[in-house]
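Asks: Structure, please.
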Amino acid sequence: MTEVYAMRADRPGGSEVLRQVAIDRPEPGPGEVLIRHTAIGINFIDVYFRTGAYPWPEGDTLITGSEGAGVIEAVGPGVTEFAPGQRVAYTKPNGAYATHRVIAAAMVVPLPDDIPDEIAAAVMLKGLTAHYLIHHSYPAQPGETVLFHAAAGSVGLIAGQWLAARGVRAIGTAGGAEKCALAAEHGYAETIDYRAGDFVAEVKRLTGGAGVQAVYDSIGHDTVLGSLDCLAQFGTLVMFGQSSGAPDQFRISHLARGSLRVTRPTLFHHAARREWLLSASAELFEMIRSGRIRIRIGQEFALSDVAQAHDALEGRATTGSTVLRP
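Replies: Below is the predicted model of the structure:
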């Protein structure tokens, strides 16, 4: 029988707090399904929870991880949409760093036969994040110019291709020539190496001083004020992460410089709507199927080596998506 275990943290802290523990095989309750993971995604939100930057859920221990794919092993009372043996995927905060997981069936989507498990695990959080960013948070239109930070990251690579498919001119920032080249291969019309100079000045040069209609910023503290300076009048700042720390220096009064807008969306508010989850997932899978979005899995780790994966992610030593294998 497959070993049943999880990677658990007993306190907030560095990657060393993650340790392997045996768990009982969970049983699904009403409206729930039991998934045996075959692939698990890794994301910066996992780091935020592990370190305590985001509040821990109730309890003294935490199993983090927010996306995965696998096979349903059992269904609870009242579940009619899924059956044992069916391949599925999901995104939901915390609980994914385990061989098995019980989850509400309403949070799960069926996997098409032509979408591999590792691709699904790599895109459920990241691809759906890209979807809501460019379709809802700021629905970029053909001919517009936008700026996307961390363009060589997992969300950035998907967003660059999706923006290009929509006819949007996307400028991407990344750290170093290699990452800039990778971003350019994934839809970005221009790239900026933020290590080599001032990204604000470069955006102004690339736009003839006009600025961009929107900035998608998951960096936070190190970029927020510069992001505002990149915006054209009536532009929109979409903040969806804080990998460099909370943007605490931002003030509402900063928006007055150009009658600017700011929004701070989260995926899980979107994903809680079943209709959106199903339709957005179907659109994402179709974009992958058609080849308009190529998914790059830059590295894989064993689930038991998740601490190493966190170190690589925090050290900005990863490109594309990272997948864990139970």
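Asks: Would you check how far apart the spatially most central residue of the chain and residue 161 are?
Replies: Ranked by distance to the mean C-alpha position of the chain (CA atoms, centre = their mean), the top residue is residue 126 at 3.1 Å. For residue 126, the distance to residue 161 equals 12 Å [CB to CB, to the nearest Å]. Any C-beta I mention is one placed from the backbone N, CA and C, and that applies to glycine too.
Asks: Repeat that for residue 56.
Replies: Distance from residue 56 to residue 161, by CB to CB: 35 Å.
Asks: neighbour count winner among these two?
Replies: Using other CB atoms under 10 Å as the criterion, residue 56 and residue 161 rank with residue 161 on top: 23 against 16.
Asks: So the more buried one sits against residue 295, correct?
Replies: No: with contact defined as CB atoms under 8 Å, residue 161 does not count as touching residue 295 (9.4 Å).
Asks: Need the pLDDT of residue 154.
Replies: On pLDDT, residue 154 comes in at 87.
Asks: Repeat that for residue 28.
Replies: 98.
Asks: same deal with residue 244?
Replies: pLDDT, residue 244: 88.
Asks: Over to residue 1?
Replies: On the pLDDT scale, residue 1 gets 52.
Asks: hang on, the earlier thing: and the residue nearest to the centre of the chain, which helix or strand is it part of?
Replies: Assigned by DSSP states H and E, residue 126 belongs to helix 117-132.
Asks: What's the separation between residue 68 and residue 102?
Replies: Residue 68 is 12 Å from residue 102, by CB to CB.
Asks: Looks to me like residue 71 is in a strand.
Replies: Yes: assessed with DSSP: H, G, I helix; E, B strand; the rest coil, residue 71 lies in a strand.
Asks: Look up phi and psi at the residue lying closest to it once chain neighbours are set aside.
Replies: Closest residue in space to residue 71, ignoring its immediate chain neighbours: residue 36 at 5.2 Å, by CB to CB, 6 or more residues apart in numbering. When read as degrees, to the nearest 10, the backbone of residue 36 gives phi -90, psi 110.
Asks: Show me what the nearest residue to residue 206 once chain neighbours are set aside is bridged to.
Replies: The shortest distance from residue 206 to any residue other than its chain neighbours is 5.4 Å, reached at residue 190 (CB to CB, 6+ apart). Per DSSP bridges, the residues bridged to residue 190 are residue 171.
Asks: okay, now residue 190: neighbour count?
Replies: 18.
Asks: for the one 10 residues further on, same thing?
Replies: Burial measure for residue 200: 18 neighbouring residues, criterion other CB under 10 Å.
Asks: Next secondary structure after the helix or strand it falls within?
Replies: Secondary structure assignment for residue 200, by DSSP H and E: helix 199-206. Along the chain past helix 199-206, the next helix or strand (assigned with DSSP H and E) turns out to be strand 212-217.
Asks: what's the next helix or strand after that following strand packed up against?
Replies: Going down the chain from strand 212-217, the next helix or strand is helix 224-230, by DSSP H and E. Other elements packing on helix 224-230 under the criterion 3 or more CB pairs under 8 Å, 6 or more residues apart in numbering; DSSP states H and E are helix 199-206, strand 212-217, strand 231-239.
Asks: Can you add mean pLDDT and distance to residue 181 and give these back as TSV?
Replies: Formatted as TSV, the helices and strands packed on helix 224-230 follow (pLDDT from 0 to 100; distance: least, CB to CB, whole Å):
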stretch	mean pLDDT	distance to residue 181
helix 199-206	98	16
strand 212-217	98	20
strand 231-239	98	25
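Asks: Would you mind finding the most buried of these?
Replies: Mean neighbour count (mean count of other CB atoms under 10 Å) peaks for strand 212-217 among these, with a mean of 27.
Asks: Quick one: work out the angle between that strand and helix 117-132.
Replies: Orientation check (axes from the mean of the first three to the mean of the last three CA atoms, to 10 degrees): strand 212-217 against helix 117-132 gives 140 degrees.
Asks: pretty sure residue 320 contacts residue 154?
Replies: Yes: contact criterion CB under 8 Å: residue 320 and residue 154 qualify, at 5.8 Å.
Asks: more crowded one of those two?
Replies: Higher neighbour count among residue 320 and residue 154: residue 154, with 29 against 21, using other CB under 10 Å.
Asks: roughly how far apart are residue 259 and residue 138?
Replies: Taking CB to CB, one finds residue 259 at 15 Å from residue 138.
Asks: More neighbours: which of these two?
Replies: residue 138 (21 against 10).
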